[in-house]
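# Could you work out the structure for the sequence below:
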Amino acid sequence: MVFLEQPAGVGYSFVTDPDLLKSFNDLRASIDNLKILKSFFHKFPERSTNDFFLASESYGGHYIPQWSLQVLNDPSTDHLRNQFKGFLVGNPFTSFASGSIAFANVLWGLQLVPSPAWDLLLQSSCELLSHDAYFFALYLPECLDYLDAINFFVQHLNPYALGFPVCPEGSGYATAQDVLEPQQISFSKGTHQSRLQFTKSTVHVTQKLRRQLNLHAESPTEHYQRMLNALGGGDARSFAGVHPYHVRPHSARTRLSQGNEIASTELRQLSSDLSSGISDPRAPFYDPCASSYTQKYLSDPEVQEALHVGASSLRGKLGYTGEWAQCNDLVNEAWSFTDFLADTTYLYSRIYNHAKKPEGFKMLVFSGDNDGVCATVGTQNWIYKIEGSNVVTLYKPWSYYNSIYGTQHGGFITKFTNLLTFVTIHFSGHEAPAYQPESTFHMFEGFLSGAIFSTEKSTDHNGDSSSSSSSTVVAAPPAAQQNLVIAVAVLIVALVGMCIWTLPQYIKPSNDQ
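Coordinates of the predicted model:
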């Protein structure tokens with residue numbers, strides 16, 4: 001497996017020329033990714049006959065179809081095209097509706113917002129997944145306000161996995177009670193903070209839309225107060241017991257600083273002590289502070305030297321801080337906002353019907369059903385509309401073997417003609433392998449082996465056969481099968497990609513970042 005840190009400026013990567021940031025957009029990313037793919041096979045020619053797949057998640061909903069089309073269309077890739085056997089993309093962000101509007105829908109579905117607030121969205125048809133961002137801004141501006149405001153009802157939750165615990169208070173990292181004024185927030189110290197910044201991410205997108213269209217832009221607190229007024233009054237500063245911008249100026253800054261001095265073992269013990277009573281048996285391997293350990297581990301100088309990314313010559317390069325950076329505000333500021341709002345769902349139809357697509361080309365779209373950021377409801381809104389596709393099996397339950405509880409429900413699988421499959425992963429969040437590693441791994445095995453695309457009878461781990469109308473058990477691939485997976489964002493890099501888009505532009509790093 002090859003992991004790419006995309007785009008330049010995230011992870012360990014850096015940009016040498018600040019002017020290059022001006023060219024950062026979806027097209028540039030797809031061209032760069034094609035160059036990397038070709039360079040890889042040039043450097044390792046012994047791999048050039050291997051079958052390979054592309055994989056991504058989150059903003060990979062933009063990356064993957066454009067990268068795939070580059071491979072299928074570019075004349076210089078003729079020698080690689082026959083080895084290109086498909087792609088998989090998880091919880092994809094494909095449009096404004098698949099993000100912000102789907103988020104509102106899943107909050108209501110899980111009853112995380114009050115009925116009067118949801119009724120306000122219904123009155124203006126704000127919940128319809130057929131809307132795009134510009135339609136909202138021009139014809140339903142009140143919907144932008146309501147979408148901004150409902151984020152504050154769930155500011156204490158993890159938006160990437162709404163039913164999962166968060167990194168506990170006392171870990172040395174910022175919590176929901178430590179929300180600073182925007183200009184004071186520092187965001188390079190772990191993804192647990194992303195839940196706080198996501199509270200304002202929709203506000204970031206909609207405010208930028210307003211500026212682009214010369215519409216009046218209100219503050220997040222004004223949106224929240226407007227919703228309260230529409231609900232019959234109330235003070236945003238005291239609603240739900242805490243003002244969304246209530247601050248403890250020195251506390252959070254101190255905690256952020258101290259957090260980097262706490263050893264990973266201490267964080268892990270603290271996490272275990274504080275969360276042991278609330279861990280969910282459906283996700284026994286999940287650790288809410290895992291991203292904090294990752295940040296600290298990958299920023300360790302000894303680790304960087306071992307990975308050959310810690311050379312002193314890199315110091316001072318634009319965007320290189322000496323730390324592994326999950327997000328980069330410079331990239332966020334520079335990326336094409338038009339591309340971000342673009343609807344990429346039609347590209348999947350182009351791939352599905354592409355004349356140069358190799359025989360046996362497999363397409364898997366999967367979705368953790370507890371994600372709010374790129375919710376399953378948003379994916380369901382478009383995947384059944386792919387031009388030329390026909391449903392073969394509709395929402396059939398699939399199961400997997402859990403090492404603790406035995407055979408368990410894994411989610412649902414919908415199979416289309418032409419080797420297109422949609423899989424949900426039950427009780428999993430935005431980054432499915434992080435929340436449900438076993439069921440996701442079973443799905444991944446089934447993708448490589450082709451088991452999840454088959455309508456034949458399946459065999460479970462005990463050797464029992466089942467008909468195609470019963471629950472499918474995802475089987476392991478043949479031991480002899482070898483596949484090269486070019487992965488942009490299976491576990492690590494997609495977190496980077498989505499972070500780019502959920503970080504508000506008006507949040508600036510502190511001077512010491």
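
# Poorly predicted segments of this structure, please.
169-208, 211-228, 231-283, 310-321, 455-513 (pLDDT under 70).

# Run through the strands of it in chain order.
2-3, 52-57, 84-90, 362-368, 391-402, 406-416, 420-425, 458-459, 465-466, 472-473, 484-487 (DSSP state E).

# Ok, which of these comes nearest residue 332?
Of all the strands of the chain, it is strand 52-57 that lies closest to residue 332, at 18.1 Å by C-beta to C-beta. (C-beta placed from N, C-alpha, C; glycine too.)

# what pairs with the closest one, and is each one parallel or antiparallel?
Strands adjacent to strand 52-57 in the sheet, as given by DSSP bridges, are strand 84-90 (parallel), strand 484-487 (parallel).

# how far off strand 362-368 does it point, in degrees?
Going by axes from the mean of the first three to the mean of the last three C-alpha atoms, to 10 degrees, strand 52-57 is angled at 20 degrees with respect to strand 362-368.

# hmm, back to that, and the strands of the chain as JSON lines, adding mean neighbour count and distance to residue 19?
JSON lines is the format used below for the strands of the chain (neighbours: other C-beta atoms under 10 Å; distance: least, C-beta to C-beta, whole Å):
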{"stretch": "strand 2-3", "mean neighbour count": "15", "distance to residue 19": "28"}
{"stretch": "strand 52-57", "mean neighbour count": "26", "distance to residue 19": "27"}
{"stretch": "strand 84-90", "mean neighbour count": "26", "distance to residue 19": "31"}
{"stretch": "strand 362-368", "mean neighbour count": "25", "distance to residue 19": "36"}
{"stretch": "strand 391-402", "mean neighbour count": "17", "distance to residue 19": "48"}
{"stretch": "strand 406-416", "mean neighbour count": "19", "distance to residue 19": "44"}
{"stretch": "strand 420-425", "mean neighbour count": "24", "distance to residue 19": "41"}
{"stretch": "strand 458-459", "mean neighbour count": "18", "distance to residue 19": "55"}
{"stretch": "strand 465-466", "mean neighbour count": "12", "distance to residue 19": "59"}
{"stretch": "strand 472-473", "mean neighbour count": "24", "distance to residue 19": "52"}
{"stretch": "strand 484-487", "mean neighbour count": "20", "distance to residue 19": "29"}
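
# okay if I get the ones you listed as a markdown table plus distance to residue 448?
Shown next, in a markdown table, are these (distance: least, C-beta to C-beta, whole Å):
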| stretch | distance to residue 448 |
| --- | --- |
| strand 2-3 | 15 |
| strand 52-57 | 8 |
| strand 84-90 | 9 |
| strand 362-368 | 9 |
| strand 391-402 | 15 |
| strand 406-416 | 16 |
| strand 420-425 | 13 |
| strand 458-459 | 16 |
| strand 465-466 | 21 |
| strand 472-473 | 16 |
| strand 484-487 | 8 |
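
# For residue 116, which of those is the nearest?
Proximity to residue 116, assessed across these by C-beta to C-beta, is greatest for strand 362-368 (29.4 Å).

# Contacts for the closest one, please.
Counting by C-beta atoms under 8 Å, 6 or more residues apart in numbering, strand 362-368 makes contact with 53, 85-92, 161, 348, 351-352, 374, 376, 379, 383, 419-425, 428-432, 435-436, 440, 443, 447, 450, 452-453, all of which sit outside it.

# and with 7 Å instead?
Under the contact criterion C-beta atoms under 7 Å, 6 or more residues apart in numbering, strand 362-368 has outside partners 85-92, 351-352, 376, 379, 383, 419-425, 428-430, 432, 435, 443, 447, 453.

# Stretch 408-417 too?
For stretch 408-417, the external contacting residues (C-beta under 7 Å, 6+ apart) are 369, 389-400, 402, 421-426, 439, 442, 452-453, 455, 472, 474.

# repeat for stretch 428-440
With contacts defined as C-beta under 7 Å, 6+ apart, stretch 428-440 is touched by 57-58, 90-91, 160-161, 164, 283, 285-286, 290, 366, 368-371, 373-374, 400, 402-403, 410, 425, 427, 490-491, 494-495.

# Quick check: the gap between the closest residue to residue 379 other than its chain neighbours and residue 374.
Distances taken as C-beta to C-beta, 6 or more residues apart in numbering place residue 367 nearest to residue 379, at 5.0 Å, with adjacent residues excluded. Per C-beta to C-beta, to the nearest Å, residue 367 is found 8 Å from residue 374.

# list residues touching both of those two?
Shared contacts of residue 367 and residue 374 (C-beta under 7 Å, 6+ apart): residue 91.

# is the residue nearest to residue 379 in a bridge, and if so with what?
Counting by DSSP bridges, residue 367 is bridged to residue 424.

# Would you check how far apart it and residue 413 are?
Note on residue 367: its distance to residue 413, by C-beta to C-beta, is 11 Å.

# same question, residue 129
For residue 129 relative to residue 413 (C-beta to C-beta), the value is 22 Å.

# One more: residue 402?
Separation of residue 402 from residue 413 (C-beta to C-beta): 17 Å.

# start to end distance for stretch 128-137?
Using C-alpha to C-alpha, to the nearest Å, the end-to-end distance of stretch 128-137 comes to 14 Å.

# mind listing what's buried in it?
128-129, 131, 133, 136-137 (16 or more other C-beta atoms under 10 Å).

# Residue 168: which of these is nearest?
Comparing the buried residues of stretch 128-137 against residue 168 with C-beta to C-beta places residue 129 closest, at 34.7 Å.

# Let me see the contact set for the closest one.
Counted by C-beta under 7 Å, 6+ apart, residue 129 has contacts 97, 101-102, 378, 381.

# go with 10 Å
Each residue near residue 129 by C-beta atoms under 10 Å, 6 or more residues apart in numbering is listed here: 95-98, 101-102, 104-105, 377-378, 380-382.

# Repeat that for residue 80.
Residue 80 is in contact with 34, 37-38, 41, 48, 52, 71, 74, counting by C-beta under 10 Å, 6+ apart.

# go with 7 Å
Residue 80 makes contacts with 41, 71, as judged by C-beta under 7 Å, 6+ apart.

# how much space between it and residue 417?
With distances taken as C-beta to C-beta, residue 80 is found 26 Å from residue 417.

# before we move on, back to that, output the buried residues of stretch 128-137 in JSON lines; the columns should cover distance to residue 338.
Shown next, in JSON lines, are the buried residues of stretch 128-137 (distance: C-beta to C-beta, whole Å):
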{"residue": "128", "distance to residue 338": "22"}
{"residue": "129", "distance to residue 338": "21"}
{"residue": "131", "distance to residue 338": "17"}
{"residue": "133", "distance to residue 338": "10"}
{"residue": "136", "distance to residue 338": "15"}
{"residue": "137", "distance to residue 338": "13"}
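
# Out of these, list just those in helices.
Counting by DSSP state H, those place 133, 136-137 in helices.

# With respect to residue 120, which of the residues you listed is nearest?
Distances from residue 120 to those, taken by C-beta to C-beta, are shortest for residue 136, at 14.4 Å.

# Count residues in the vicinity of the residue nearest to the closest one when sequence neighbours are not counted, would you?
The shortest distance from residue 136 to any non-neighbouring residue, by C-beta to C-beta, 6+ apart, is to residue 143 (5.1 Å). Neighbouring residues of residue 143 were enumerated by other C-beta atoms under 10 Å; the total is 24.

# go on, residue 324?
By other C-beta under 10 Å, neighbour count at residue 324 equals 23.

# Look up how far residue 352 lies from the nearest residue in space to residue 30 that is not next to it in sequence.
Counting by C-beta to C-beta, 6+ apart, residue 30 lies nearest to residue 66, which is 3.9 Å off, once chain neighbours are set aside. Plainly put, residue 66 is 15 Å away from residue 352 if you go by C-beta to C-beta.

# for residue 296, same thing?
Distance, residue 296 to residue 352, by C-beta to C-beta: 42 Å.
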